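# Make a model of this:
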Amino acid sequence: MPTFKTTLALYRLFLIGLMMLLVLGIFPTLSVYADGPDRIPLEDSKYQNLIKELVQKHQFKKEALETVFKQVIFKKDIIDKFNRPAEHLPFHRYRKIFIKQDMIERGRAYMAENDALLSEVEAVYGVEKEIIASILGVETRFGKPGIERYRAFDVLNTAFFLYPRREKFYRGEIIAFLRLCRKEGIDPFSVKSSYAGAFGVPQFIPSSFLNYAVDFDKDGKTDLWNSKKDIFASVANYLKKFGWEKGTLFYLPAQIYHDSPKLQKMLTRGYRKTLPVSKAIKMGVEIPYPAQGEDLVSFAYYEPNPDEKELIGLFGNFRAITRYNTSVHYALVIVHLSRRLTM
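Residues are numbered from 1 along each chain as shown. Reported below is the predicted structural model:
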């Protein structure tokens, strides 16, 4: 028979293990969606408050909203995908998903086929055509059908109700989606999306569609599925709105020549935190030409090869790409692919 001390020790181990699960986010993730409902419980306060806001602030009809929400089917499998995105792979593995010969050949053919239109959009927005093409290549293999496997409205509601970590974000996206569907005359259940709720050839989330998509062909509708003019211009407009400047730096290798706790804190505070190159140099980081002292730089580490870690200095256009997808790996792939498309 186990002694009291043995039982106490085992109990402590159990508590430690439980705490680790909570810290890592494993336990709550499983418990939240595995036993959750399959359809929206409209009596839940989350939906009661959401419907109230849609009615009072955005002039939707309550009865119509309830009819739409009742048709939603939760897609619980997407929660696992949220927790294991490809961007979390080491860069040398993530890169191989996209930088491969068939992708490069397809991209060059795509650019040649659409050169006149891509050049027109580049002239208007100042975003290089190879960057536009690379984003469309990574997002949907240059508009290849079949990438989107879910009903967008199902995804948005699943994430809102069953994924607490992103509840606030997806609440806003549900509102944006319904406004978008009303504006464009779209059936909410006709729109297919990725597991994250992005749709169209450029893979815009609803709020991005509302804020950055453009009717470049001037036909009265913003079509990110079929109109290449709207598709190309919307990608370019998105990047332009986040500070894109044609012909400026993406990133440069950086090396530490004088390490210190203060420097390490600066290097790991996130790629959105910028400082002038001149100040970074004074702190102990070497950044090569053509970087200028007044250029704003931020930093990130990445793994170009197994067991290899390198520091890079990031500049404005690189950070603009991370507005499209918050991953440094994603932005690196866009830059690398764009260079291969113009070789």
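# Enumerate the positions of stretch 156-170 that are buried.
For stretch 156-170, the neighbour count (16 or more other CB atoms under 10 Å) marks 156-163, 170 as buried. Just so you know, the C-beta spots here come from the backbone N, C-alpha and C atoms, and that holds for glycine as well.
# And stretch 172-183, by the same measure?
173-181.
# ok, so of those, who is nearest Ala233?
Leu180 (17.4 Å; CB to CB).
# which secondary structure elements does the helix or strand in which that closest one is found contact?
Assigned by DSSP states H and E, Leu180 falls within helix 167-184. Applying 3 or more CB pairs under 8 Å, 6 or more residues apart in numbering; DSSP states H and E, one finds that helix 167-184 contacts helix 45-58, helix 152-162, helix 206-212.
# residues making contact with that helix?
46, 50, 53-54, 58, 60, 65, 68, 152-153, 156-157, 159-161, 163, 186-188, 191, 197, 205-207, 209-210, 221-222 (CB atoms under 8 Å, 6 or more residues apart in numbering).
# could you give the angle of it to helix 152-162?
160 degrees (axes from the mean of the first three to the mean of the last three CA atoms, to 10 degrees).
# This structure: strands as residue ranges?
In the chain, the strands defined using DSSP state E lie at 150-151, 192-193, 251-256, 275-276, 285-286, 296-302, 310-314.
# For the fifth one, which strands pair with it and how are they oriented?
Each strand pairing with strand 285-286, determined using DSSP bridges, is listed with its direction: strand 251-256 (antiparallel).
# returning to that earlier point: relative to Ile78, which of the strands of the chain is closest?
For Ile78, the closest of those is strand 150-151, at 7.1 Å, according to CB to CB.
# and for the closest one, what are the contacting residues?
By CB under 8 Å, 6+ apart, strand 150-151 touches 73, 75, 78, 189, 191-195.
# ok, 6 Å please
75, 189, 193 (CB atoms under 6 Å, 6 or more residues apart in numbering).
# Is there a quick PyMOL command that grabs whichever of the residues you listed are buried?
The PyMOL command for the buried members of the contacts of strand 150-151 (criterion: 16+ other CB under 10 Å) is given here:
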select buried, resi 75+193
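# now the contacts of strand 150-151 in TSV, with pLDDT and distance to Val121?
As requested, the contacts of strand 150-151 are arranged in TSV below (pLDDT from 0 to 100; distance: CB to CB, whole Å):
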residue	pLDDT	distance to Val121
Lys75	95	34
Phe189	96	31
Ser193	95	24
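# So in this structure, where's the weakest helix or strand by average pLDDT?
Taking mean pLDDT, DSSP states H and E as the measure, the helix or strand of the chain with the lowest value is helix 26-34, at a mean of 40.
# Highest mean neighbour count out of the helices and strands packed on helix 167-184?
Greatest average neighbour count among the helices and strands packed on helix 167-184 goes to helix 152-162 (a mean of 25), per mean count of other CB atoms under 10 Å.
# Show me the shaky parts of the stretch 201-343 of the chain.
Of all residues in the stretch 201-343 of the chain, none has pLDDT under 70.
# go on, the stretch 51-200 of the chain?
Along the stretch 51-200 of the chain, no part satisfies pLDDT under 70.
# Can I get the buried residues of stretch 172-183 in TSV including distance to Ser278?
Output for the buried residues of stretch 172-183, formatted as TSV (distance: CB to CB, whole Å):
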residue	distance to Ser278
Glu173	40
Ile174	45
Ile175	44
Ala176	41
Phe177	45
Leu178	48
Arg179	45
Leu180	44
Cys181	49
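# Which one of the residues you listed is nearest to Pro41?
Taking CB to CB as the measure, Pro41 sits nearest to Ile174 out of the buried residues of stretch 172-183, at 15.3 Å.
# That closest one and Leu249, how far apart?
According to CB to CB, to the nearest Å, Ile174 stands 38 Å off from Leu249.
# nearest to Lys241, of the strands of the chain?
Among the strands of the chain, strand 296-302 comes nearest to Lys241, with 17.6 Å by CB to CB.
# Tell me what angle that closest one forms with strand 310-314.
Interaxial angle, strand 296-302 versus strand 310-314 (the same axes, to 10 degrees): 150 degrees.
# Can you list the strands that strand 296-302 pairs with?
Strand pairing for strand 296-302, using DSSP bridges, gives strand 275-276 (antiparallel), strand 310-314 (antiparallel).
# And the contacts of the last one?
Okay, so that is strand 310-314. Contact with strand 310-314 is made by 251-254, 271, 287, 297-301, 304, as judged by CB under 6 Å, 6+ apart.
# Please save the CA atoms from that strand in PDB.
Taking Å, rounded to 0.1, in the frame of the first residue of the first chain, the C-alpha atoms of strand 310-314 are listed here in PDB:
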ATOM      1  CA  GLU A 310      21.100  33.600 -38.700                       C
ATOM      2  CA  LEU A 311      20.200  37.200 -37.800                       C
ATOM      3  CA  ILE A 312      18.700  39.500 -40.400                       C
ATOM      4  CA  GLY A 313      17.800  43.100 -40.400                       C
ATOM      5  CA  LEU A 314      14.300  43.800 -41.800                       C
END
